[in-house]
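> need a structure here:
(one chain, ligands or ions: 1)
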Amino acid sequence: MSPLSNLAVRDIETVIHPYTNLATHRETGPLILERGKGIRVWDTDGKEYIEGLAGLWCTSLGYGNEELVEAAAEQMRTLSYTHLFGSKSHDPAIELAEKLKEIVPCEASKVLFCSSGSEANDQQVKLTWYYNNARGRPEKKKIISRIKGYHGVTVASGSLTGLPPVHMDFDLPIKNILHTECPHHYRFAEDGETEAEFVARMARSLEEMIQREGPETVAAFIAEPIMGAGGVIIPPEGYYQAIQAVLEKYDVRFISDEVICGFGRTGSMFGAETFGMKPHSVSMAKAITSAYVPLGAVTVEEDLYQAMLDESRKIGTFGHGYTYTGHPVAAAVSLKVLEIYERDGIVERAATLSPVFEKRFEALAAHPLVGDVRARGMIGAIELVADKTTKAPFDPKAGIGGYCVARAQDHGLISRAVAGDSVALCPPLIIEESEVHEMFDRLEKALDDTE
Ligand code: PLP
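Sure thing, here's the model as predicted:
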């Protein structure tokens, strides 16, 4: 291993890295990136990489987009900051809320902004609780998410997340958060169970949970259309239809976490559209600004808004909001991002390129290390296994996913190990067909080096 650079040493001495094995990091040090253009980034040694994960599933328009730089600069020049507390407002927030209401896959009455996906889902928890208190149903508070679901890391959104490292030592989950089963047929189907039988079992299991807890105590269900950080898990055909039937039966609010799937990733504007989901509300972040600046948002349905309104009449202030709720620079950038998505047909482009992306993924299934291949739209993953026949996983201590990702990095591809043994790709949506091939050629080399 080459000695760490001066900058890498300074990083280790000063920066806590989120979601990182801090002990390993002290030995390996960081990959320090310096600049980016299009789908590529360069490190401080001038080495080029394809950003195969669009940063953290977010830089949909790639790097160095001058229109976005200009939109931010223009807003900073005009009015760099004002807030939405009380009677203050500003044009970019109003326009963006209007625009989002038009395109979301649910009946949205209003939009509540924030600055991240975690905050968006934190707001979903608070709004669900607020709503049921306002409607005189203080016992209806439980929110169901799924094992392997990822919804963020704040105290509430981290509780929704169904991954052990987000809970361990943090005293999470908090009360009133439950986790139902993960719809990953390859990993969790019983012997000989068809996808249809598996789906029916998932729905039955959810219904049993609701009945066990008492339907009058269950308030909401939250799901990512495709689970991202939990392993890029694509539910089998008919899963959401079966789940929705249960939710409707018990009057459970359905929240689609579109933080990754939103804005074209699955080949439709929202993942809910790809899977025929009918949510009451959506959470958004990441590609809402193509990650040029932080922004998150949730939609609020009319019934919930009316409850909030009634409560304001009764108790006064709606006591929630951040300094940066609807930050004007973030809103201005988001408006420009949405304009580009529309003008340049970015969603259609993802849908058109998707067969090429999926075909290259499918071809990886023949590799001796690859047990499962999952891809939809422009997001996918391979799951590495020790034995393809038995699906036996590698010893977690081997860190096989991380090893493959490191080899990909050697070959100039940034990817990410998710849920241990899966390696994910989720490139910027501006990627060209030739670049899709280049990206997979690099991944194939990494896989060969992993054997
Ligand atoms: N929801 C989903 C589906 C995510 O993938 C993420 C982050 O990856 C979050 C929520 C949390 O977003 P953030 O990291 O912006 O807080």
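
> anything in stretch 249-266 near the ligand?
Yes. Stretch 249-266 comes into contact with the ligand (Cβ under 6 Å from any ligand atom), by way of Asp257, Val259, Ile260. Every residue, glycine included, has its C-beta placed from N, CA and C.

> ok, now stretch 209-222?
No. Among the residues of stretch 209-222, none lie within reach of the ligand under Cβ under 6 Å from any ligand atom; the closest is 9.2 Å away.

> and the strand or helix carrying Asp448, what's buried?
For Asp448, the enclosing helix or strand under DSSP states H and E is helix 433-450. Using 16 or more other Cβ atoms under 10 Å as the burial criterion, the residues of helix 433-450 that qualify are Glu435, Val436, Glu438, Met439, Phe440, Arg442, Leu443, Glu444, Lys445, Ala446, Leu447, Thr450.

> looking at those residues, which gets the smallest pLDDT?
For those, the model is least confident at Thr450; its pLDDT is 94.

> all helices for the stretch 51-200 of the chain, in order.
54-57, 66-79, 91-103, 117-134, 155-160, 164-167, 185-188, 195-213 (DSSP state H, counting those that start in this stretch).

> can the ones you listed go into CSV with extra columns for mean pLDDT?
Converted to CSV, the helices of the stretch 51-200 of the chain look like this (pLDDT from 0 to 100):
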stretch, mean pLDDT
helix 54-57, 98
helix 66-79, 98
helix 91-103, 98
helix 117-134, 98
helix 155-160, 98
helix 164-167, 96
helix 185-188, 97
helix 195-213, 98
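
> of all the ones you listed, which one is nearest Ser109?
Ranking the helices of the stretch 51-200 of the chain by proximity to Ser109 (Cβ to Cβ) places helix 91-103 first, at 7.9 Å.

> what sits up against the closest one?
Outside helix 91-103, the residues that touch it by Cβ atoms under 8 Å, 6 or more residues apart in numbering are 75, 84, 108-111, 113, 269-270, 284, 297, 299, 326, 328, 331-332, 334-335, 338.

> bridged to the closest residue in space to Leu31 that isn't next to it in sequence, which residues?
Using Cβ to Cβ, 6 or more residues apart in numbering and skipping the chain neighbours, the partner closest in space to Leu31 is Asp43 (6.0 Å). On the basis of DSSP bridges, Asp43 takes part in beta bridges with Leu33.

> how many neighbours does Asp43 have?
Burial measure for Asp43: 15 neighbouring residues, criterion other Cβ atoms under 10 Å.

> what separation do you get for it and Gly412?
10 Å (Cβ to Cβ, to the nearest Å).

> would you confirm that Lys391 contacts Leu384?
No. With contact defined as Cβ atoms under 8 Å, Lys391 and Leu384 do not form a contacting pair (11.1 Å).

> more crowded one of those two?
Neighbours per residue (other Cβ under 10 Å) separate Lys391 from Leu384, with Leu384 holding more: 25 against 13.

> wait, what's in contact with the more buried one?
The contact partners of Leu384, taken as Cβ under 8 Å, 6+ apart, are Leu369, Val370, Gly371, Phe394, Ile400, Gly401, Cys404, Asp421, Ser422, Val423, Thr450.

> out of the residues you listed, which is most surrounded?
Highest neighbour count within these: Val423, with 32 neighbours (other Cβ under 10 Å).

> got the phi and psi for that residue?
Note on Val423: its backbone torsions stand at phi -110, psi 120 [degrees, to the nearest 10].

> so Ala375 makes contact with Phe357?
Yes. With the criterion set as Cβ under 8 Å, Ala375 and Phe357 qualify as a contacting pair; they are 6.3 Å apart.

> neighbour-wise, which of these two wins?
When Ala375 and Phe357 are compared for neighbours, Phe357 comes out ahead with 25 against 22, by other Cβ under 10 Å.

> let's verify the residue of the stretch 201-350 of the chain found nearest the ligand: helix, strand, or coil?
When scored by Cβ to the nearest ligand atom, the stretch 201-350 of the chain has Val259 as its residue closest to the ligand, at 3.4 Å. Val259 falls in the coil class when you classify it by DSSP: H, G, I helix; E, B strand; the rest coil.

> next one: the one 3 residues further on
Remark: Gly262 carries the secondary structure label coil [criterion: three-state DSSP].

> phi, psi for it please.
With angles defined as degrees, to the nearest 10, Gly262 shows backbone torsions of phi -70, psi 150.

> that one is in contact with Pro279, isn't it?
No. The pair formed by Gly262 and Pro279 falls short of the contact definition of Cβ under 8 Å, at 11.5 Å.

> more neighbours: which of these two?
The neighbour count for Gly262 versus Pro279, taken as other Cβ under 10 Å, is higher for Gly262 (31 against 28).

> can you pull the contacts of that one?
Residues counted as contacts of Gly262 (Cβ under 8 Å, 6+ apart) are Met269, Phe270, Gly271, Val282, Met284, Lys286, Ala287, Ile288.

> name the helix or strand for the fourth one, please.
According to DSSP H and E, Val282 maps onto strand 281-284.

> by contact count, what packs against that strand?
Applying 3 or more Cβ pairs under 8 Å, 6 or more residues apart in numbering; DSSP states H and E, we find strand 281-284 packed against helix 117-134, strand 253-257, strand 296-300.

> and the helices in the stretch 301-450 of the chain?
302-315, 328-343, 346-363, 400-410, 433-450.

> quick one: the one residue in the chain that gets nearest to the ligand from Ser312, how far?
Among all residues of the chain, Gly117 sits closest to the ligand, at 2.2 Å; criterion: Cβ to the nearest ligand atom. The gap separating Gly117 from Ser312 is 27 Å, by Cβ to Cβ.
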